[in-house]
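Novice: Quick one: sequence plus predicted model below, questions after.
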Amino acid sequence: MDYSSYRIKKDGFDTFNYIIMIILAVITIFPFYYVVIISFADYAAVQKHLIYIFPTSINLDAYKLVFKGEMFLSSFFVSIFITVTGTVLSMIFSTASAYALSKSFVPGNKMMFNFILVPMFFSGGLIPYYLTIQKLGLIDKIWVLIIPGAINSFYLILLKNFFKELPASIEESAKIDGANDLYILYRIVLPMSAPVIATISLFYAVDRWNDYYTALLYISNRKLFPLQLVLREAILDFAQIMASPIGAEIARNNRPTYTKALQMAIITVATVPILCVYPFIQKHFTKGILFGAVKE
């Protein structure tokens with residue numbers, strides 16, 4: 001085959017791929033971009049239909065109102081507590097359980113794995129689950145947002161399969177030198193597992209940060225509402241927000257505030273913190289998923 005014609009075909013194919021990827025990137029990014037520019041929208045500009053793609057002015061009123069709201073600040077710190085504490089506890093429990101399940105010599109290994117696997121496909125239903133939470137005394141407690149979902153079966157299986165693929169000779173050498181299982185796990189296995197640990201930690205953090213359904217079911221104390229539940233109220237029923245301290249601030253200032261700008265500002269503030277986590281573990285993400293692929 002003529003090299004020049006092959007090169008032309010390859011360049012043409014690459015160009016076509018780049019164009020398709022750019023189009024897909026624009027389609028994916030534009031909704032986020034639109035949310036941000038509307039959050040900075042000036043009321044008068046929006047009324048004149050001057051802001052859709054390129055903002056004609058920057059107005060911080062919506063963000064000022066958001067951060068003045070006690071409900072928003074309270075829910076923001078609740079979400080941070082749930083995400084940080086929940087992710088740490090989940091990784092401790094999941095890592096310890098996965099390491100034990102990855103060892104075939106552990107008594108009852110297969111039976112325990114089946115106990116973990118079955119709930120992935122079958123559940124007792126919402127009412128029995130609610131009654132269980134109630135009997136445990138977790139209703140209207142912040143720990144109901146952390147403890148019941150402390151271990152995700154799928155993430156546990158990913159960790160288990162990763163640990164199972166690690167060279168057994170490394171652990172055997174450590175045991176010859178007198179190391180026990182805990183020392184091997186925290187000083188040898190975990191440093192070797194940085195990609196999958198970072199990836200699963202991200203999954204747990206995103207799950208915690210985005211969870212509103214658990215709070216919707218089990219939390220009635222508004223002081224314990226996570227940020228996503230407040231965001232849900234702001235989007236579905238703006239009257240809830242206008243009845244809050246934010247609405248009182250709007251009335252006190254006696255000036256028009258574009259309601260959608262306020263909604264978009266809440267969405268932006270709720271989204272940015274978790275997005276900031278991705279760049280720090282991006283290099284581990286793909287590697288971790290491939291190493292933890294399910295092989296059962």
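Specialist: Now that the structure is in, tell me what you want to look at.
Novice: show me what contacts the closest residue to residue 116 other than its chain neighbours?
Specialist: The shortest distance from residue 116 to any non-neighbouring residue, by C-beta to C-beta, 6 or more residues apart in numbering, is to residue 153 (5.3 Å). Just so you know, the C-beta spots here come from the backbone N, C-alpha and C atoms, and that holds for glycine as well. For residue 153, the contact set (C-beta atoms under 8 Å, 6 or more residues apart in numbering) comprises 116, 117, 119, 120.
Novice: Quick one: the helices in the stretch 151-296 of the chain, in order.
Specialist: If DSSP state H, counting those that start in this stretch is used as the criterion, the helices of the stretch 151-296 of the chain fall at 153-165, 168-176, 181-184, 190-192, 194-210, 213-218, 227-236, 238-242, 245-253, 259-275, 278-291.
Novice: Among the contacts of residue 153, which lie within helices?
Specialist: 116, 117 (DSSP state H).
Novice: and the contacts of residue 153 as CSV, adding neighbour count and pLDDT?
Specialist: Below are those laid out as CSV (neighbours: other C-beta atoms under 10 Å; pLDDT from 0 to 100):
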residue, neighbour count, pLDDT
116, 17, 82
117, 14, 81
119, 10, 79
120, 12, 79
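Novice: Please report the distance of the residue nearest to residue 116 from residue 133.
Specialist: 18 Å (C-beta to C-beta, to the nearest Å).
Novice: try residue 78
Specialist: Residue 78 sits 18 Å away from residue 133, going by C-beta to C-beta.
Novice: okay, those two: which has more neighbours?
Specialist: Each of residue 78 and residue 133 has its neighbours counted (other C-beta atoms under 10 Å); residue 78 has more, 21 against 18.
Novice: Return the list of helices and strands in contact with the strand or helix carrying the more buried one.
Specialist: Element membership of residue 78, judged by DSSP states H and E, is helix 70-101. Judged by 3 or more C-beta pairs under 8 Å, 6 or more residues apart in numbering; DSSP states H and E, the packing partners of helix 70-101 are helix 109-117, helix 153-165, helix 194-210, helix 227-236, helix 245-253, helix 259-275.
Novice: The last one relative to helix 227-236, how many degrees between them?
Specialist: Put simply, helix 259-275 runs at 160 degrees to helix 227-236, going by axes from the mean of the first three to the mean of the last three C-alpha atoms, to 10 degrees.
Novice: Measure how helix 259-275 sits relative to helix 70-101, angle-wise.
Specialist: In terms of direction (the same axes, to 10 degrees), helix 259-275 departs from helix 70-101 by 30 degrees.
Novice: follow-up on the earlier one: okay, buried residues for the helix holding residue 78 please.
Specialist: Within helix 70-101, the residues scored as buried using 16 or more other C-beta atoms under 10 Å are 71-72, 74-76, 78-79, 82-83, 86-87, 90-91, 94-95, 97-99, 101.
Novice: now it: how far from the chain's centre is it?
Specialist: 11 Å (C-alpha atoms, centre = their mean, to the nearest Å).
Novice: likewise stretch 129-141?
Specialist: Computed by C-alpha atoms, centre = their mean, the chain-centroid distance of stretch 129-141 equals 24 Å.
Novice: Equivalent analysis for stretch 114-133, please.
Specialist: Computed by C-alpha atoms, centre = their mean, the separation of stretch 114-133 from the middle of its chain amounts to 22 Å.
Novice: how long is it from one end to the other?
Specialist: With C-alpha to C-alpha, to the nearest Å as the measure, stretch 114-133 spans 23 Å from end to end.
Novice: do stretch 175-188 as well
Specialist: End-to-end distance of stretch 175-188: 11 Å, with C-alpha to C-alpha as the criterion.
Novice: so how far is it off the chain centroid?
Specialist: On C-alpha atoms, centre = their mean, the centre of stretch 175-188 falls 32 Å from the chain's centre.
Novice: Need the residues that contact it.
Specialist: By C-beta under 8 Å, 6+ apart, stretch 175-188 touches 95, 96, 99, 170, 171, 174.
Novice: count of neighbours near residue 182?
Specialist: If you count neighbours by other C-beta under 10 Å, residue 182 ends up with 10.
Novice: Pull up the gap between it and residue 95, please.
Specialist: Distance, residue 182 to residue 95, using C-beta to C-beta: 12 Å.
Novice: same question, residue 217
Specialist: Separation of residue 217 from residue 95 (C-beta to C-beta) stands at 28 Å.
Novice: do the same with residue 70
Specialist: 38 Å.
Novice: From the centroid of the chain, which residue is nearest?
Specialist: Nearest residue to the geometric centre of the chain (C-alpha atoms, centre = their mean): residue 206, 0.8 Å.
Novice: you'd agree that one is up against residue 274?
Specialist: Yes - counting by C-beta atoms under 8 Å, residue 206 touches residue 274, with 6.0 Å between them.
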